[in-house]
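1. Dropping the sequence and predicted coords here.
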Amino acid sequence: MTPKSLQISTPTDTTIVLTRGFRAPRRLVWEAMFTPDKMRRWMVPPPGWTLADCDVSPCLAGGLRLTWRSADADPAMTMFGVFTEVAAHEAIVHTETMVLPGGQVVSSLVERHEFADDGGATLMRITQTYESRAARDGALESGMDQGMEACYCHLDALLAPG
Amino acid sequence: MVSDAAELDAVFHALAHPARRAMLRQLAEGERNLTELAAPLSMTFPAASKHVRVLEAASLVRRRVAGRQHLCSLHAPPLREASRWTAQFRRHWEARFRALDALLDELQGDPPPEG
């Protein structure tokens, strides 16, 4: 069975919803999403960047802190947040703020992940809620992290079958 | 063509309401009058008319008057522009999810943990 392909929609002025199927049970997808050593495998950093810290405690009021460094800056970017709702292997909500070294906030949002059985696969639904429509549109336009935007073309090439 | 941010705002605003998305799906099948657009949504004529005006403002719908009827048709180019605009966002997430696919395949290929 082929898992469902990525769907992106904007059901309200301040939200983005992403849905995607994965060929794995919910528990495994959850662990891959929120266990630091596994997160390091799929949150591939931009070329020249390193994911330095990846501290994640997916429990109620648990924290989320990731930092990236580059040849020029350490940290080059920091992401932090707090888990505000956790139902293991079903639904999890966290805040997420991306900050540049100067303290400039790149983005601030609430991210909700929901996991549903879909045959033998898992359907993951991510709902991102931004503070304003302008912030939401900015995220859509930039590819989420302005500082990381350039890398993903390279990443596409790396991941292409061949 | 580089799209004006205000035009994209109008398109995303228009797409943000389920009734308007339902109207666009109907119009994808062909021209409809306001009564036909309102009927499946159990909506009054003025309410439907208001939604059509939002779609018109986003240039997603064109309206022509034929006798006493207002006939609406889909104008798709702004939808294509909006989807092109979000292509970078999509590439970013698709790249992440493909890396996640590879990880999940690998995890399931490993011997199951004891217990």
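-> Structure received. Residues are numbered from 1 along each chain as shown, chains lettered A, B, ... in the order given.

2. Need the CA coordinates for the helix or strand containing A:Glu141. CSV is fine.
-> Element membership for A:Glu141, per DSSP states H and E: helix A:133-142. The C-alpha coordinates for helix A:133-142 follow below in CSV (Å, rounded to 0.1, in the frame of the first residue of the first chain):
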residue,chain,number,x,y,z
ARG,A,133,-2.2,35.9,8.6
ALA,A,134,0.9,37.9,7.6
ALA,A,135,3.1,35.5,9.7
ARG,A,136,1.4,32.5,8.2
ASP,A,137,1.8,33.8,4.7
GLY,A,138,5.5,34.6,5.5
ALA,A,139,6.1,31.0,6.5
LEU,A,140,4.4,29.6,3.4
GLU,A,141,6.4,32.0,1.2
SER,A,142,9.8,31.3,2.8
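
3. and that helix, anywhere near chain B?
-> Yes. Contact between helix A:133-142 and chain B, assessed by Cβ under 8 Å from any Cβ of the partner chain, occurs at A:133, A:137, A:139-142. All C-beta atoms are positioned from the backbone trio N, CA, C, and that covers glycine.

4. Mind putting the residues you listed into a markdown table with neighbour count?
-> As requested, the residues of helix A:133-142 next to chain B are exported to a markdown table (neighbours: other Cβ atoms under 10 Å in any protein chain shown):
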| residue | neighbour count |
| --- | --- |
| A:Arg133 | 17 |
| A:Asp137 | 21 |
| A:Ala139 | 21 |
| A:Leu140 | 22 |
| A:Glu141 | 16 |
| A:Ser142 | 17 |
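
5. Closest to chain B out of those residues?
-> A:Leu140 (5.0 Å; Cβ to the nearest Cβ).

6. Contact partners for the closest one?
-> A:10, A:16, B:85-86, B:89 (Cβ atoms under 8 Å, 6 or more residues apart in numbering or on different chains).

7. Which among these count as buried?
-> A:10, A:16, B:85-86, B:89 (16 or more other Cβ atoms under 10 Å in any protein chain shown).

8. Mean pLDDT per element in chain B, and the minimum belongs to which helix or strand?
-> Lowest by mean pLDDT, DSSP states H and E among the helices and strands of chain B is helix B:77-85, with a mean of 75.

9. What residues of the helix or strand following that one count as buried?
-> As assigned by DSSP H and E, the chain's next helix or strand after helix B:77-85 is helix B:87-109. Buried residues in helix B:87-109, counted by 16+ other Cβ under 10 Å: B:88-101, B:103-104, B:107.

10. go on, stretch B:43-62?
-> Applying 16+ other Cβ under 10 Å to stretch B:43-62 flags B:43, B:48, B:51-52, B:54-56, B:58-61 as buried.

11. give me the beta-bridge partners of A:Ala121?
-> Per DSSP bridges, the residues bridged to A:Ala121 are A:Asp118.

12. Return the distance of stretch A:51-62 from the chain's centre.
-> For stretch A:51-62, the separation from the chain centroid amounts to 13 Å (computed by Cα atoms, centre = their mean, to the nearest Å).

13. What residues of it count as buried?
-> Here stretch A:51-62 shows A:51-52, A:54, A:56, A:58, A:62 as buried, counting by 16+ other Cβ under 10 Å.

14. Kindly report the same for stretch A:16-27.
-> A:16-26.

15. These: which two are farthest apart?
-> With Cβ to Cβ as the measure, no two of the buried residues of stretch A:16-27 lie farther apart than A:Ile16 and A:Pro25, at 26.0 Å.
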